[in-house]
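Engineer: Here is a sequence with its predicted model. Questions after.
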Amino acid sequence: MNDLAPLLTPEGRALLDEVRGTAPADELAVATRLRREHPAELVSAALGQARLRQRAAVKFGAEDAGRMFFTPNGVEQSTRASVAAYRAERFAALGVRSVADLCCGIGGDAIALARAGIRVLAVDRDPLTAAAARANADALGLAGLIEVREADVTEVDTAAYDAVFVDPARRGGRGRIFDPEAYSPPLSWAVQAALKAPHAALKVAPGIPHEAVPAEAEAEWISDGGDVKEAVLWFGTAPEAVRATLLPGPRTLLGRGLPDPEVRPVGRYLYEPDGAVIRAHLVAEVAEEVGGGLLDATIAYITADTLRPTPYATAYEITDRLPFNVKKLKALLREREVGILTVKKRGSAVEPEELRRKALPKPQGRHSATVFLTRVAGAPTMLIGAPAGPATGAGPS
């Protein structure tokens, strides 16, 4: 599919309505029937778009995804709607009324900004992607707030806008790009564009090295439902600040520059920090909050003797500690009548699925357990326990 125009005609829209929700197993039969009355290419495009809409429902919700237009890359690379809405709210809280959205993709962030009442110039150099962004603004009734421009973002004058948002391409022909200077456009260019505006936000990969964050920027790591989604470099807010934000919520943990927590003996509880907290290097802040220390100087597991509610980590009550030994673990699980085993690891080369097969070859028990493969003061260790329960308030919520 390299042209959306046929799908935007009355015939194309009618076909999209007709193929909505088509299951993969039914596509051949549906295509054969529809090709009797419609051009084969249009039928194929409609079915392809229906497939993309089904995939996009996870990010955009079924209602919006069912009206929007997508490209394969657009579905893969677009911002999840909940994350885009949170970022748009931050822009609005800063008093931003207009944003130049550079590398806008299929328009996910532009849509969120417009819904926050912000006027948007959405720019992308790919003709099909820009066409999708334009069609999406129209389909969601936001064309009055979103101007889509097909252009090279490095040639766009953003002086008339309150803020700049840049979402550079982080995928190439060989997959994900980890070097920020290999982004398209490079991070250094995006930083210069940001410094020209009163406010700016640059979306970057969550694995960006902390030393690559400019001194002028605030760095924010965002997770949604416990999954780390992205990092954002903010300009015009709080230079050198670091924060972890958990969605839904939002719950935001600000860095206070604390030293690394001390290593201490295994306590009754283990706290597993949210991924955004770990990426933001704010494990010390959570350890202080729960009155705990680290199991190992190099592992982001916190241990404590008491249970304290925190939204920034999930708490587990530890019942057993074993040196790494599959036979001993297998015997313990059989003794405890464990039939459901969750395996988590940090600092271990063992694959969780492999351990699960060996330790629980014939799941029959009525109880569940969680085993942590980790190191305690440098020694390979297995800690067995279970979630401390909803009453603790632990876990991203």
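Structural biologist: Cool, got the structure.
Engineer: Would you agree residue 282 is in contact with residue 253?
Structural biologist: Yes - the pair residue 282 / residue 253 is scored as a contact, 5.6 Å apart, by CB atoms under 8 Å. For glycine as for every other residue, the C-beta is placed from the backbone atoms N, C-alpha and C.
Engineer: where does the stretch 101-250 of the chain dip in pLDDT?
Structural biologist: Filtered on pLDDT under 70, the stretch 101-250 of the chain yields the residue ranges 172-175.
Engineer: ok so, going back, shared neighbours of residue 282 and residue 253, which are they?
Structural biologist: Common contacts of residue 282 and residue 253, defined by CB atoms under 8 Å, 6 or more residues apart in numbering, comprise 243, 244, 312.
Engineer: which SS state does the residue nearest the centre of the chain fall under?
Structural biologist: For the chain, residue 229 is the residue whose C-alpha lies nearest the centre (CA atoms, centre = their mean; 1.7 Å). Secondary structure state of residue 229, per DSSP: H, G, I helix; E, B strand; the rest coil, is strand.
Engineer: Check the gap between it and residue 34 for me.
Structural biologist: For residue 229, the distance to residue 34 equals 37 Å [CB to CB, to the nearest Å].
Engineer: Residue 102 contacts residue 155, doesn't it?
Structural biologist: No - Residue 102 lies out of contact with residue 155 (CB under 8 Å); the separation is 10.6 Å.
Engineer: For those two, indicate the residue with more neighbours.
Structural biologist: For residue 102 versus residue 155, the count of surrounding residues by other CB atoms under 10 Å is larger for residue 102: 27 against 8.
Engineer: Which element is encountered next along the chain beyond the lengthiest helix in the chain?
Structural biologist: In the chain, assigned by DSSP state H, the helix with the most residues is helix 40-60. Once the chain leaves helix 40-60, the next helix or strand it forms, by DSSP states H and E, is helix 62-65.
Engineer: Pull out the buried residues from that following helix.
Structural biologist: In terms of neighbour count (16 or more other CB atoms under 10 Å), helix 62-65 has its buried residues at 64, 65.
Engineer: Likewise for stretch 209-223?
Structural biologist: Those would be 213, 214, 217, 218, 219, 220, 221, 222, 223, for stretch 209-223 by 16+ other CB under 10 Å.
Engineer: isn't there a helix covering the fifth one?
Structural biologist: What that stands for is residue 219. No - using three-state DSSP, the secondary structure at residue 219 is strand, not a helix.
Engineer: what are the bridge partners for it, then?
Structural biologist: Taking DSSP bridges, one obtains residue 233, residue 242 as the residues bridged to residue 219.
Engineer: roughly how far apart are it and residue 206?
Structural biologist: Distance from residue 219 to residue 206, by CB to CB: 10 Å.
Engineer: Count the residues that sit near residue 353.
Structural biologist: Residue 353: 9 neighbours (other CB under 10 Å).
Engineer: how about it, what does it touch?
Structural biologist: Counted by CB under 8 Å, 6+ apart, residue 353 has contacts residue 343.
Engineer: ranges for the helices of the stretch 51-200 of the chain?
Structural biologist: Along the stretch 51-200 of the chain, the stretches classed as helices by DSSP state H, counting those that start in this stretch are 62-65, 72-77, 81-93, 108-115, 127-139, 187-195.
Engineer: right, and these - which one's nearest residue 159?
Structural biologist: Residue 159 sits nearest to helix 187-195 of all the helices of the stretch 51-200 of the chain, at 11.0 Å, using CB to CB.
Engineer: buried sites along the closest one?
Structural biologist: So, applying 16+ other CB under 10 Å, buried residues of helix 187-195: 187, 189, 190, 191, 193, 194.
Engineer: next one: stretch 126-137
Structural biologist: So stretch 126-137, judged by 16+ other CB under 10 Å, has buried residues 126, 128, 129, 130, 131, 132, 133, 134, 135, 136, 137.
Engineer: how close does the second one sit to residue 42?
Structural biologist: With the distance defined as CB to CB, residue 128 ends up 16 Å from residue 42.
Engineer: now the third one
Structural biologist: Separation of residue 129 from residue 42 (CB to CB) stands at 21 Å.
Engineer: One more: the last one?
Structural biologist: Distance of residue 137 to residue 42, computed by CB to CB: 23 Å.
Engineer: Now do the same contact list for the nearest residue to residue 140 once chain neighbours are set aside.
Structural biologist: Using CB to CB, 6 or more residues apart in numbering and skipping the chain neighbours, the partner closest in space to residue 140 is residue 111 (6.0 Å). Applying CB under 8 Å, 6+ apart, we find residue 111 in contact with 64, 81, 84, 136, 137, 140, 142, 146.
Engineer: Next one: residue 111 relative to residue 301, how far apart?
Structural biologist: 39 Å.
Engineer: what's the answer for residue 337, then?
Structural biologist: 26 Å.
Engineer: Of the two, which one has the most company?
Structural biologist: Using other CB under 10 Å as the criterion, residue 337 and residue 301 rank with residue 301 on top: 24 against 11.
Engineer: The residue lying closest to that one once chain neighbours are set aside: what's it in contact with?
Structural biologist: In space, and not counting its chain neighbours, residue 301 is closest to residue 295: 4.7 Å by CB to CB, 6+ apart. Contacts for residue 295 (CB under 8 Å, 6+ apart) come out as 263, 266, 270, 301, 302, 303, 374, 375, 376, 377, 381.
Engineer: Then residue 71?
Structural biologist: Taking CB under 8 Å, 6+ apart as the test, what residue 71 contacts is 1, 52, 106, 128, 129, 132.
Engineer: Equivalent analysis for residue 80, please.
Structural biologist: 59, 108, 224, 229.
Engineer: what's the most distant pair in the residues you listed?
Structural biologist: Taking CB to CB, no two of the contacts of residue 80 sit farther apart than 108 and 224, at 13.5 Å.
Engineer: which of the two has more neighbours?
Structural biologist: residue 108 (28 against 22).
Engineer: Name the nearest residue to the more buried one, ignoring sequence neighbours.
Structural biologist: residue 78 (4.1 Å).
Engineer: before we move on, what about residue 194?
Structural biologist: residue 200 (3.4 Å).
Engineer: how many other residues sit next to the nearest residue to residue 251 once chain neighbours are set aside?
Structural biologist: Distances taken as CB to CB, 6+ apart place residue 311 nearest to residue 251, at 4.5 Å, with adjacent residues excluded. By other CB under 10 Å, 18 other residues sit near residue 311.
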